[in-house]
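>>> The amino acid sequence is not available; the structure is as follows:
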């Protein structure tokens, strides 16, 4: 990996600048940042600011003399100070706020700190702490980041993007904040999610932060308490719906195509209906994917594949029950069915072996109150006979019992849904059940890992969606792997950027799932882990990116030609690292 601030798509001669205020150039092994800004203005831009690490030469040429303490410090010395201050924060939320403040002061130092302590800090910059930050976003707000669109300015979206200070955007995470994690509609507060996800694109995927943009698509909120909160930062009206909602997204997509035609868009935390509609409407128009549907599906498939390998069994032989039919649950069901088809089953057979429940019970043909996207997941109407307790559809317990499920996956957001009787029924169905409780944040988990292990007498293969400590049961240590989407989306996005993917295909995402499973099998399966430790997330994403790149090239959706250069070399050469560049005042304006 190069220790430089080289951007993901940089080439020896750039067609246009990284920013209207600065540009990144390379001279041999040296990285040079040419800045239009000097003096206080340079200190106030986090992409330029080095704090006390500006060299004596830089202080003179950038007119910083007298504006900084006289002592010149190294990044290593700054990291000692910042980590000490981070550690002194009394709560996870205050740690989160400290890191966000650092990100807005000195972006290189922020990423150096996070990447040095990624396993420790990932639960702070992302789930579960980011959920609390989203709840309190308007009350904690300090700095703007990214772009925000509402009915007030969506008609000027193209002009706004054209005036954005970063000019070579390659990765966008956009949310309407309607379904944030497991806590629902957060209005404008959901902006914390794109900010956190893009931090992981850089820390885990090597994507340059100078080429990323978080976007809030503020279509309103249906929460009266937010609308009536005098501190609330979003627009004060109910959520747009129907054709008005889609027209809003259409204007956003067209603006992206006009200004940043090489950008990949990750749709994030849209409501379950909108998630599928937006994905299908725009995936052929702009290179994009939905992390809640496709990322969750891929990371869960990767974990289930690893668990099957651990048991010496095949995915196609499993009967899978998915509790939760939102965007995540539906995405998981579709991914597992695709994996079963890859192993030779017909679509009809995979449908029978993957059973999905929502809050009203098992999805069955002809059932009332079932959204359109759920019909492809529904079982034959004949399974209504399983509903022995009198409901219109079988309950979770009835489904687990009658299907003889071997795999149980929780994406319901309902705390404690996997009760002791349900888990014990799974253990009665099969000697070694696979049970993943994947809902976020921790307060919404379907069952605690320690309970699932105890109720199955240690026979279960389990994982969670949020971080949990290892469990000791009867003298044996059970590592609790985290099925975090960050094992997939940074590598997926990195690969799509590097190859200039004209489309993010389902098979590209599927290849990422198999890359994760293969990495786990090679390095961790014998040690009892279903997922690798978070400390290895960058290594995992390198493998994901490599496999996805090769799949994109195979499918013919790669627009960047590598000629004879190995994709692995391309990826290693392009990876961004947070080492300070040499900063010089620009000798002339750049394009």
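Happy to help now that I have it. Since the model is a prediction, treat every value here as computed from it, not as a measurement. Numbers count the residues shown, from 1 in each chain.

>>> so what's the backbone phi/psi at the residue in the chain sticking out farthest from the centre?
The centre of the chain is farthest from one residue, residue 66, which by CA atoms, centre = their mean lies 42.3 Å away. When quoted as degrees, to the nearest 10, the phi and psi of residue 66 stand at phi 90, psi -10.

>>> Do you know the pLDDT at it?
At residue 66, the model reports a pLDDT of 97.

>>> Distance check, it against residue 223.
For residue 66, the distance to residue 223 equals 49 Å [CB to CB, to the nearest Å]. Where C-beta positions appear, they are placed from N, C-alpha and C, glycine not excepted.

>>> Return the distance of the helix or strand where residue 545 lies from the chain's centre.
Applying DSSP states H and E as the criterion places residue 545 in helix 537-555. Here helix 537-555 is found 16 Å from its chain centre; the criterion is CA atoms, centre = their mean, to the nearest Å.

>>> Repeat that for stretch 168-186.
10 Å.

>>> Name the spans of the stretch 1-150 of the chain whose pLDDT lies under the cut-off.
Residues of the stretch 1-150 of the chain meeting the criterion pLDDT under 70: 1-16.

>>> Report how many residues lie close to residue 230.
When neighbours are counted by other CB atoms under 10 Å, residue 230 registers 5.

>>> ok, residue 454 - contacts?
residue 473 (CB atoms under 8 Å, 6 or more residues apart in numbering).

>>> Which strands border the helix or strand of the chain with the lowest mean pLDDT, and is each parallel or antiparallel?
Every helix and strand in the chain was compared by mean pLDDT, DSSP states H and E; the lowest is strand 22-27, with a mean of 86. Here strand 22-27 is paired, per DSSP bridges, with strand 30-35 (antiparallel).

>>> on that earlier part again, quick one: the residue farthest from the centre of the chain and residue 40, what's the gap?
With CB to CB as the criterion, residue 66 and residue 40 are 11 Å apart.

>>> While we're on residue 555, how confident is the model there?
We note a pLDDT of 97 for residue 555 in this prediction.

>>> Name the nearest residue to it, sequence neighbours excluded.
residue 505 (5.9 Å; CB to CB, 6 or more residues apart in numbering).

>>> can you give me the strands in the stretch 351-500 of the chain?
Assigned strands in the stretch 351-500 of the chain, in chain order: 354-358, 361-362, 407-410, 434-437, 461-464, 471-473, 476-478, 481-482 (criterion: DSSP state E, counting those that start in this stretch).

>>> so which of the ones you listed comes closest to residue 46?
Across these, the minimum distance to residue 46, taken as CB to CB, is reached by strand 481-482, at 29.4 Å.

>>> Pull the residues that contact the closest one.
Taking CB under 8 Å, 6+ apart as the rule, strand 481-482 contacts 303, 463-468, 529-532, 534.

>>> With stretch 342-355 instead?
314-316, 318-322, 333, 336-337, 340-341, 362-363, 377, 379-380, 399, 403, 405, 510.

>>> Can you turn the buried subset of those residues into a selection I can paste into PyMOL?
Burial among the contacts of stretch 342-355 is assessed by 16 or more other CB atoms under 10 Å; the matching PyMOL selection reads:
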select buried, resi 315+316+318+319+320+321+322+333+336+337+340+362+363+377+379+399+403+405+510
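
>>> Tell me which of the contacts of stretch 342-355 fall in helices.
Judged by DSSP state H, these include 333, 336-337, 340-341, 399, 403, 510 as members of helices.

>>> hang on, residue 333 packs against residue 378?
No. Using CB atoms under 8 Å as the test, residue 333 is too far from residue 378 to be in contact (10.6 Å).

>>> any common contacting residues for the two?
With CB under 8 Å, 6+ apart, residue 333 and residue 378 have common neighbours residue 356.

>>> In this structure residue 121 contacts residue 112, no?
No. Counting by CB under 8 Å, residue 121 sits too far from residue 112 to count as a contact (11.7 Å).

>>> which SS state does residue 236 fall under?
Classification of residue 236 using DSSP: H, G, I helix; E, B strand; the rest coil returns coil.

>>> residues in contact with it?
Residue 236 makes contacts with residue 227, as judged by CB under 8 Å, 6+ apart.

>>> Could you do residue 68 as well?
Residue 68 neighbours (CB under 8 Å, 6+ apart): 43, 51-52, 54, 59.

>>> of those, closest to residue 494?
Closest approach to residue 494 among those (CB to CB): residue 51, at 28.7 Å.

>>> returning to that earlier point: show me which pair in the ones in helices among the contacts of stretch 342-355 is furthest apart.
The most distant members of those, if one measures by CB to CB, are 399 and 510, lying 26.2 Å apart.

>>> Same list (the contacts of strand 481-482) but as CSV, adding neighbour count and distance to residue 390.
Below are the contacts of strand 481-482 laid out as CSV (neighbours: other CB atoms under 10 Å; distance: CB to CB, whole Å):
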residue, neighbour count, distance to residue 390
303, 28, 35
463, 27, 34
464, 26, 33
465, 29, 32
466, 23, 35
467, 16, 40
468, 19, 36
529, 20, 42
530, 27, 37
531, 28, 40
532, 20, 45
534, 21, 45
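
>>> Looking at these, which is nearest residue 279?
residue 465 (21.2 Å).

>>> Find the nearest non-adjacent residue to the closest one, please.
Distances taken as CB to CB, 6+ apart place residue 438 nearest to residue 465, at 3.7 Å, with adjacent residues excluded.

>>> can you count the residues close to the one you found?
Residues near residue 438, counting by other CB under 10 Å: 29.

>>> Now for it: which residues touch it?
Counting by CB under 8 Å, 6+ apart, residue 438 has contacts 296, 300, 328, 409-411, 446, 463-465, 483.

>>> now do 7 Å
Listed by CB atoms under 7 Å, 6 or more residues apart in numbering, the contact partners of residue 438 are 300, 409-411, 464-465, 483.

>>> What of residue 532?
Residues counted as contacts of residue 532 (CB under 7 Å, 6+ apart) are 519-520, 523-524, 540.

>>> Buried subset of those residues as a PyMOL selection?
A single PyMOL command is used to select the members of those judged buried by 16+ other CB under 10 Å:
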select buried, resi 519+520+524+540
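
>>> which stretches of the stretch 401-550 of the chain form helices?
Listed in chain order, the helices of the stretch 401-550 of the chain (DSSP state H, counting those that start in this stretch) span 420-429, 449-455, 489-499, 506-523, 537-555.

>>> Roughly how far does the closest residue in space to residue 326 that isn't next to it in sequence sit from residue 251?
Nearest residue to residue 326, sequence neighbours excluded (CB to CB, 6+ apart): residue 272, at 4.4 Å. Separation of residue 272 from residue 251 (CB to CB): 23 Å.

>>> ditto for residue 177
From residue 177 over to residue 251 the distance is 18 Å, taken as CB to CB.

>>> ok, these two, which is more surrounded?
The neighbour comparison of residue 177 against residue 251 (other CB under 10 Å) goes to residue 177, with 30 against 16.
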